[in-house]
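1. Okay, predicted coordinates and the sequence, questions at the end:
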Amino acid sequence: MKKVLEGSQAVAEAVRLAKVQVISAYPITPQTHIVEILSDYVATGRMNAKYLRVESEHSCMAALIGAQSAGVRTFTATCSQGLALMHELLHWAAGARLPIVMGEVNRALAPGWNIWCDQTDSLAQRDTGWMQLYCEDSQEVLDATILAYRLAERVNLPTMVVLDAFYLSHTYEPVDVPEQEEVDRFLPPYKPAFTLDPGHPYSLSPLVTPNAYMEMRHDIALAMEDALAIFDEVEGEFARIMGRRYGAVEEIDTDDADVIFVTSGAVTSTVRLVLEELRSRGEKVGALKIKLFRPFPTEAVRRALSKGRKAVVVDRNYSFGASGIFAQEVRAALCNAPGHPPVFGYIAGLGGRDITTQMLSHIYFEVKESEAPLRESVWVGRQEVNRAT
Amino acid sequence: MLEIRFHGRGGQGTVVATILLSKAFFQAGWEVQSFPFFGVERRGAPVEAYLRLDRKKILARTNVTAPDHVVAQDRTLIQNIDVTRGMKPGGWVLLNSPSLPEDLSPYRGMKLASVDASRIALRHLLGSRTHPIVNTAMIGAFARMLAMPPLEAVCGAIREEALSDPEANIAAARDAYNEVILHGAIS
């Protein structure tokens, strides 16, 4: 049934419907609504789960690693500094092959202290071995959270469902909430590949010497590769029951496009609006939405972008000393494809600055009129200020 | 698409006002989107919240900078904040005020409506004398001003949102619906 829900409520509804058994979280704006709702569900018996209050995000992930190792489905949500504090144990969760699912609200890192939207927090975790799904609207947030359990439990790797601070986490809009019976058909009870069992004691994650470590890493690499096909398979099963499908990437008006935007998160939605307007004026412009960031859908990105003459990546994040992070990934995906289009990189909306339709139109016309990028990254909507030295 | 910007102060229920209206408009068959823009999350600090309405799926995920209509939940705000900033000409401005402001020049080209939402809120024991909770009165007045959403959808949304005293809030919305003064175009 369609209801007007906040993005945070969409996450919480999905966690309830997924029958998660252990939740642990440390509250941090703008993730708070997610965990407030879940703690209320547990306290009032709407969810049959254990809610573990912890003293930090580091302890939170440690608790979930323990719980998931004991064979139960788990969830947490965090953002920004909280995710950064979890960093050590994010590697552990992936290395231990535990399908933990996290709701990650994209918030800027401090200083300057800033609670608003910015993707650098989740993208800084790209090498931890977590799968990452970036969402465009609250429906996708709900669907991706349910799907994340099926995907994670098939691949035996943890998964982050990523949503923009405020533009998704605090936005109310109509969301179709599936019936429990539909979710049960899609997502069977968790059957762990291995479980700690006091009846048959053994040790998990012991010292691994150079003669075995590399094989363990290679196995994770293969699992990530397999995850691309498994993602499609699981989305197909989801679509058969729920009637909705998103794709690891989505091509929007790319077939005859000269310029193709590359976007992730809620900005994709605004770009759709800009495309409608530009297309009505005869501009040959399209977009490629990247939902699945890890594993990176290299082939699909190459295929889509080779249709255009120029690609332009809008990054709401930045890797100091390099460029926008999605732009890096797109360049890496294209570099071995003969005759690939040039990749223009734009940095916009850091720390919650609004990415407006005017800004996106401006980017389009600037790219249309340029033969090749002059710089790796162009920062848009930036004021001139004195440099700190 | 219609875009409405709400101005208020932290603690007045400004964000909840847009949530209630989004639910009421959704019940009435609209596509809706509402979200807050927080500066500092403190009682008394200026807050903005936005409401978008359309007949098709709403794609814009940006702040509202050129609203069709504006609601100001606190009379003291209009001394410090240009609530009509970026407004499209001809739109409604709804003020929580017992009377018309003395200086009407900021509202030239707009339509003005006023309602004494603070008094209505106190009548129904919503909030305190220094901090009346005016949001449900304001959305009642809003429903009359735009002739939508239907008052019954507003009341339904108040019930659905499980506010602490739904009947008092519904009574405040009904009173404001009846008592709002539509001054109309300011020239």
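-> Structure's in. What do you need? Numbering: from 1, shown residues only, chains lettered A, B, ... in the order given.

2. Who's the closest spatial neighbour of A:L64, skipping the chain neighbours?
-> A:T74 (4.5 Å; CB to CB, 6 or more residues apart in numbering or on different chains). The C-beta positions use only the backbone N, C-alpha and C, and glycine is treated the same way.

3. A:H33 too?
-> For A:H33, the closest residue by CB to CB, 6+ apart turns out to be A:S8, at 3.6 Å.

4. how far out from the middle of the chain is the lowest-mean-pLDDT helix or strand in chain B?
-> Counting by mean pLDDT, DSSP states H and E, chain B has its least confident helix or strand at helix B:77-80, which shows a mean of 85. From the chain centre to the centre of helix B:77-80 is a distance of 16 Å (CA atoms, centre = their mean, to the nearest Å).

5. OK, contacts around the residue in the stretch 51-200 of chain A that chain B sits nearest to?
-> With CB to the nearest CB as the measure, A:T171 is the residue of the stretch 51-200 of chain A nearest to chain B, at 4.0 Å. Counting by CB atoms under 8 Å, 6 or more residues apart in numbering or on different chains, A:T171 touches A:E6, A:G7, A:S138, B:Q33, B:S34, B:F35, B:R61.

6. A:I220 too?
-> A:A94, A:G95, A:R97, A:G129, A:L157 are the contacts of A:I220 under CB under 8 Å, 6+ apart.

7. The residues you listed in helices, which ones?
-> Of the contacts of A:I220, the ones assigned to helices by DSSP state H are A:A94, A:G95.

8. And stretch A:252-267, what's buried?
-> A:252-254, A:257, A:259-267 (16 or more other CB atoms under 10 Å in any protein chain shown).

9. now swap in stretch A:171-187 and tell me
-> A:T171, A:Y172, A:E173, A:P174, A:V175, A:V177, A:P178, A:E182, A:V183, A:F186, A:L187.

10. Let me know the next secondary structure element after the helix or strand hosting the residue nearest to A:H33.
-> Using DSSP states H and E, A:S8 maps to helix A:7-17. Next along the chain after helix A:7-17, taking DSSP H and E as the criterion, comes strand A:22-25.

11. Check which helices and strands that next one sits against.
-> helix A:32-43, strand A:50-53, helix A:57-69, strand A:74-78 (3 or more CB pairs under 8 Å, 6 or more residues apart in numbering or on different chains; DSSP states H and E).

12. can you give me the offset of the strand or helix carrying A:L288 from its chain's centre?
-> In the assignment (DSSP H and E), A:L288 maps to strand A:285-290. Relative to its parent chain, strand A:285-290 has a centroid offset of 17 Å by CA atoms, centre = their mean.

13. Outside of the very next helix or strand once past it itself, list whatever touches it.
-> Per DSSP H and E, strand A:285-290 leads on to strand A:292-294 as the next helix or strand towards the C-terminus. With CB under 8 Å, 6+ apart as the test, strand A:292-294 has contacts from A:123, A:126, A:130-134, A:162, A:224, A:228, A:231, A:248-249, A:264, A:326, A:329.

14. Please save the CA atoms from the very next helix or strand once past strand A:292-294 in CSV.
-> Per DSSP H and E, the first helix or strand lying C-terminal to strand A:292-294 is helix A:298-305. Coordinates of each C-alpha in helix A:298-305 appear next as CSV, following Å, rounded to 0.1, in the frame of the first residue of the first chain:
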residue,chain,number,x,y,z
THR,A,298,32.5,-1.7,-15.4
GLU,A,299,31.1,-3.3,-18.5
ALA,A,300,27.7,-1.6,-18.2
VAL,A,301,29.3,1.7,-17.7
ARG,A,302,31.5,1.2,-20.8
ARG,A,303,28.6,0.1,-22.9
ALA,A,304,26.4,3.1,-21.9
LEU,A,305,29.0,5.8,-22.1
